[in-house]
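**Q** this one's structure only:
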């Protein structure tokens, strides 16, 4: 029934690369011949449970494998998470407890369940503590596999080594452990972002050394965040979480540069087919609506669009407005913020507030309480008088 | 009673280095203050149990610590030996079994017992399997300590990396494990050859990271072998084993270049005090006698010297004679060997044997059995007629 060549071509259509060349088709053909499902691995990091559109790119790809009858294996990196950040960059970040990891893993799984099919034939969730808690001599035998020069070729290691920034031995151990995950679960295919290419390919080396068939590696392009320049990431604040309200999803999607619309649609598998290619604005609005419908619920796209239009278009807010970085304090004094953002004096700012001439997201600012919770200002549009606007952003 | 400064000066007199500067004195003073013995660590490799004079240099140093009342801790690297050669250079060398390691460790200990005092207050023997068989998460925590750049500074790693010769991850793990040995046994001092400097100093890093006091590191110069150029090593065939017969010890010692005599005497703690410095030959003979007395038994030096003189001086054998490399075969055909060694024909050689004109170590060669066990020819002097000599050596 299934056609390995056609399936491989379909699955690879929006991928950055498949390694080795023809490897996916070979795995598909092998599985078909053996009358079994492929096992398609994704490693997930239980320290950052909130799924954003950047994660959706790979989850969506996994869903496509499921729709073709294959089995997704999510590997929760619980064991490695217990050890903490191998780079040691976050010296202050506490090592997670088993409970926190378990909680995060469940959160991730719930969220991923909006994209993946939750049929046990099609979805297996494993924790790498099941096999990584191995006897030391088993580990030492594995440690013969990686070569130092090979590890130093990994892009980030090469840069840090050249820049004399420290790399701990633990960081050299992690790709080996991650590769061993592929041995333990007998992965046929592993999926990840292009930033994982080295680690995913390295899994093949570990599989070969351990005498099991080597996985095909499919890497997906990294989704650029709403800043239009960097990889989507929570730490950069340029993400759209799949649990966010429709208004957020819509508004934040509308902030991406027009030229990203088609890339987002392709990577997130959203069909903009009937919206004319020559109308970038309508295409972006269609994308934003589709994302709302998908993650906030059917029909949410239209509603969010109407609210957006009320606030920004009918409310006279221009679509391109300057950004102003929020100070780091948890509570902000509104006159001071206005003074900084618009270059007015604090007394002018105070007067404007008193006269109802300052709005936060379209709401008149409260003149009786000038201290505002910074959380309520994040990504808000601040308006002074009729024509002066800034968008308050959290500095990355 | 003890004087830390004087003891430190005495112990360091023939060392290559003590690190950190003043560290040994500080450890001695601390132990004196706490009313306890120092714990002085030496790691031993149970894959090569035969002790030669190169090993004696460090064992002799440990003996000096014992004589001052301190406790030596020998660490048998049984755990790491079970994993095998980390460099992967000896792909064909079988990983040792637990029994082989145990046998080698006992052999080493017996031989070391000729140099060390075997009082349990002064000698503890431990196997690193006691603590290295640790849970993986404990190991992963340790793996944060070493930095890749630091490991790549180790001389042999630096050379191999620059020369694009592979270094396995396992090799990067070994210094960490060896360093952890110092944590496990609470070493105050660690001793080793200068080729171990990196690993020994690295033990301090591991101790510091684990919150225990850092050991002082004493490195001893490497004893040059009888070839006069390279580090003494069994694999180079330039060693003198402490279990060899007195004649061997004497004869092989006499082959070292004169200028090495004083260095050997210093490193092996042999006093040549009453032999004039201007008489290098007598000094070397005194060294050779002292080594025989020490390792083959009191009085053996004189006897070996007499036998040596009979063979070489009175027998007309010149002291400087050409060397000829023995072929690798276990049994050698004497006429063929003579033909190769002296450039005569095999029939000439056979005739000379028949006429009693061939001697092996002064003994007339047996004309009725021309096939000789290669072991009996190692380091032997082969003589053809009155004036032609070669020394048969094992190629390194």
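**A** Sure, I can see it. Remember, it's a predicted structure, so these values are computed and weren't measured experimentally.
**Q** So what's the model's average confidence on the helix or strand where residue A:183 lies?
**A** Element membership of residue A:183 [criterion: DSSP states H and E] is helix A:169-184. Mean pLDDT, computed over helix A:169-184, is 95.
**Q** Check stretch A:101-110 too.
**A** 90.
**Q** Give me the buried positions along it.
**A** A:101, A:104, A:105, A:108, A:109 (16 or more other CB atoms under 10 Å in any protein chain shown). To be clear about C-beta, it is placed using only N, CA and C from the backbone, and glycine gets the same treatment.
**Q** quick one: the strands in the stretch 151-300 of chain A?
**A** A:189-193, A:216-220 (DSSP state E, counting those that start in this stretch).
**Q** Parallel or antiparallel, which strands does the first one pair with?
**A** Counting by DSSP bridges, the strands paired with strand A:189-193 are strand A:39-44 (parallel), strand A:216-220 (parallel).
**Q** residues making contact with the shortest one?
**A** Contacting residues not belonging to strand A:216-220 are listed as A:11-12, A:14-20, A:23-24, A:26-27, A:57-58, A:61, A:188-194, A:196-197, A:200-201, A:203-204, A:267 [CB atoms under 8 Å, 6 or more residues apart in numbering or on different chains].
**Q** now check the helix holding residue A:183, is it near chain B?
**A** Yes. Using CB under 8 Å from any CB of the partner chain, helix A:169-184 reaches chain B at A:169, A:170, A:171, A:172, A:173, A:176.
**Q** how far is that helix from where the chain is centred?
**A** 22 Å (CA atoms, centre = their mean, to the nearest Å).
**Q** any idea of the angle it forms with strand A:216-220?
**A** 120 degrees (axes from the mean of the first three to the mean of the last three CA atoms, to 10 degrees).
**Q** Quick check: buried residues in helix A:169-184?
**A** Buried residues in helix A:169-184 (16+ other CB under 10 Å): A:169-184.
**Q** Count the neighbours of residue A:30 for me.
**A** A total of 14 residues lie near residue A:30 under the criterion other CB atoms under 10 Å in any protein chain shown.
**Q** Mean confidence (pLDDT) on the host helix or strand of it, please.
**A** In the assignment (DSSP H and E), residue A:30 maps to helix A:23-33. For helix A:23-33, mean pLDDT is 96.
**Q** name the helices or strands packed onto it?
**A** Helices and strands touching helix A:23-33, by 3 or more CB pairs under 8 Å, 6 or more residues apart in numbering or on different chains; DSSP states H and E, are helix A:4-12, strand A:216-220.
**Q** how about JSON lines for those, with mean neighbour count added?
**A** Shown next, in JSON lines, are those (neighbours: other CB atoms under 10 Å in any protein chain shown):
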{"stretch": "helix A:4-12", "mean neighbour count": "16"}
{"stretch": "strand A:216-220", "mean neighbour count": "24"}
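**Q** Can you lay out those as JSON lines showing distance to residue B:122 and mean pLDDT?
**A** Listed next are those as JSON lines, based on distance: least, CB to CB, whole Å; pLDDT from 0 to 100:
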{"stretch": "helix A:4-12", "distance to residue B:122": "70", "mean pLDDT": "96"}
{"stretch": "strand A:216-220", "distance to residue B:122": "58", "mean pLDDT": "98"}
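**Q** can you put the ones you listed in CSV and add distance to residue B:117?
**A** As requested, the helices and strands packed on helix A:23-33 are arranged in CSV below (distance: least, CB to CB, whole Å):
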stretch, distance to residue B:117
helix A:4-12, 72
strand A:216-220, 60
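**Q** Could you dump the buried residues of stretch A:101-110 into a markdown table and include distance to residue B:364 and secondary structure?
**A** Putting these into a markdown table (distance: CB to CB, whole Å; DSSP: H, G, I helix; E, B strand; the rest coil) gives the following:
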| residue | distance to residue B:364 | secondary structure |
| --- | --- | --- |
| A:101 | 82 | helix |
| A:104 | 87 | helix |
| A:105 | 85 | helix |
| A:108 | 87 | helix |
| A:109 | 89 | helix |
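**Q** If we only consider those, which is nearest to chain B?
**A** Nearest to chain B out of these is residue A:101 (CB to the nearest CB; 12.6 Å).
**Q** For residue A:221, list the residues it contacts.
**A** Taking CB under 8 Å, 6+ apart, one finds A:14, A:15, A:16, A:57, A:193, A:194, A:263, A:267 in contact with residue A:221.
**Q** Quick check: it vs chain B, distance?
**A** 29 Å (CB to the nearest CB, to the nearest Å).
**Q** Give me every residue in chain A that's in contact range of chain B.
**A** A:79-80, A:82-83, A:86, A:88, A:132-137, A:139-141, A:143-149, A:151-152, A:157, A:161, A:164, A:166-173, A:176.
**Q** nearest residue to the residue nearest the centre of chain A other than its sequence neighbours?
**A** Centroid-nearest residue in chain A, with CA atoms, centre = their mean: residue A:54, separated by 2.8 Å. Nearest residue to residue A:54, sequence neighbours excluded (CB to CB, 6 or more residues apart in numbering or on different chains): residue A:232, at 3.6 Å.
**Q** Many thanks, have a good one.
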